[in-house]
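*Asks:* dropping a prediction and its sequence here:
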Amino acid sequence: MNRLLCFTASIALATAAPMAAISAGPAVAATSPAGKLAQDSQAALYRLYASNPKARALGAKAEAILIFPKIYKAGFVVGAQSGDGTLFQGGKVLGYYRTSSGSFGLQAGAQSFSYVLFLITDSSMNYLKKSDGWSLGSGPSFVLVDKGVAATLNTTTLTQDVYAMTFGQTGLMGGIGLEGAKITRIHPNS
C-alpha cells in the first residue's frame with residue numbers, strides 16, 4: 001500500500017511539475033510528518049489550480065503561498081476548527097503552520113475544507129515571519145476570494161497583501177457565529 005501511495009504521489013508530482021507557482025525543489029521525505037504535510041499541501045494546491053485559473057494566476061504573482069490541505073471544523077453552539085499547513089516560496093518549503101479558531105453562535109454540524117493564503121507582498125511575508133501568531137483580520141490587508149471577488153479579480157491590479165481561498169468543502173456546517181482564526185508556526189518533526 002505504501003509503495004502504491006508513493007508511486008501515485010510521484011506520478012502526481014511529475015505531471016504537475018510544470019506549474020509555475022511551485023517549481024521543483026528538494027524532495028522532502030514523505031515518511032516524516034513534515035514531509036507528509038508538504039506533499040499533502042502540494043497536492044491540495046495542484047487540485048485548486050486544476051479547477052480555478054484565477055488561483056493559478058494568484059499563485060504566479062504571490063511572494064509565497066501558505067496552504068492548509070485539510071482543516072476540520074465542528075460545532076454545536078460552540079465550535080472549533082484546526083488544520084496544519086505548509087508555507088512555500090519559490091517551490092521550497094519555508095515552514096509549517098497551524099490555523100485554529102473558536103466560535104460561538106447559532107451553529108451546528110461538521111465539515112472539512114482546504115484553505116490557501118496567497119501572500120502577495122514582502123510586507124505580508126515579513127509579518128508572518130516576525131509575528132508570534134497571526135490573527136486573521138489584523139496585520140496585513142486581507143481579502144477572502146469568493147465567487148463574486150473571483151469574477152472581478154485581475155492580477156495586474158492586486159491591491160491587497162493577502163488573498164485567501166477556501167475549496168474542497170465536505171460535510172455540512174450551518175449557522176452564524178463570531179469567529180477568529182490564528183496562524184502560528186509549528187515544528188511537525190519535533
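*Replies:* Structure received.

*Asks:* ok, which stretches of the chain are strands?
*Replies:* Listed in chain order, the strands of the chain (DSSP state E) span residues 64-89, 92-119, 134-135, 142-144, 162-186.

*Asks:* of the ones you listed, which is nearest residue 51?
*Replies:* strand 162-186 (7.3 Å; C-beta to C-beta). Heads up, the C-betas are built off the backbone N, CA and C, glycines and all.

*Asks:* rewinding a little: lowest-confidence stretch among the strands of the chain?
*Replies:* Ranked by mean pLDDT, the strands of the chain bottom out at strand 142-144, which scores a mean of 58.

*Asks:* on that earlier part again, dump the strands of the chain to CSV, plus mean neighbour count and distance to residue 43.
*Replies:* Formatted as CSV, the strands of the chain follow (neighbours: other C-beta atoms under 10 Å; distance: least, C-beta to C-beta, whole Å):
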stretch, mean neighbour count, distance to residue 43
strand 64-89, 20, 7
strand 92-119, 18, 10
strand 134-135, 19, 24
strand 142-144, 15, 23
strand 162-186, 15, 11
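
*Asks:* turn the ones you listed into JSON lines, including distance to residue 48.
*Replies:* Formatted as JSON lines, the strands of the chain follow (distance: least, C-beta to C-beta, whole Å):
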{"stretch": "strand 64-89", "distance to residue 48": "8"}
{"stretch": "strand 92-119", "distance to residue 48": "6"}
{"stretch": "strand 134-135", "distance to residue 48": "21"}
{"stretch": "strand 142-144", "distance to residue 48": "15"}
{"stretch": "strand 162-186", "distance to residue 48": "5"}
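
*Asks:* packing partners of the longest helix anywhere in the chain?
*Replies:* Using DSSP state H, we find that the single longest helix of the chain is helix 33-51. Packing partners of helix 33-51 (3 or more C-beta pairs under 8 Å, 6 or more residues apart in numbering; DSSP states H and E): helix 2-16, helix 53-61, strand 64-89, strand 92-119, strand 162-186.

*Asks:* what's the angle from the shortest one to helix 33-51?
*Replies:* What it means is helix 53-61. Counting by axes from the mean of the first three to the mean of the last three C-alpha atoms, to 10 degrees, helix 53-61 points 130 degrees away from the direction of helix 33-51.

*Asks:* in helix 53-61, what's buried?
*Replies:* Residues of helix 53-61 classed as buried by neighbour count (16 or more other C-beta atoms under 10 Å): 54-59.

*Asks:* nearest to residue 173, of those residues?
*Replies:* residue 55 (22.5 Å).

*Asks:* what residues are up against that closest one?
*Replies:* 48-49, 116, 118, 165 (C-beta atoms under 8 Å, 6 or more residues apart in numbering).
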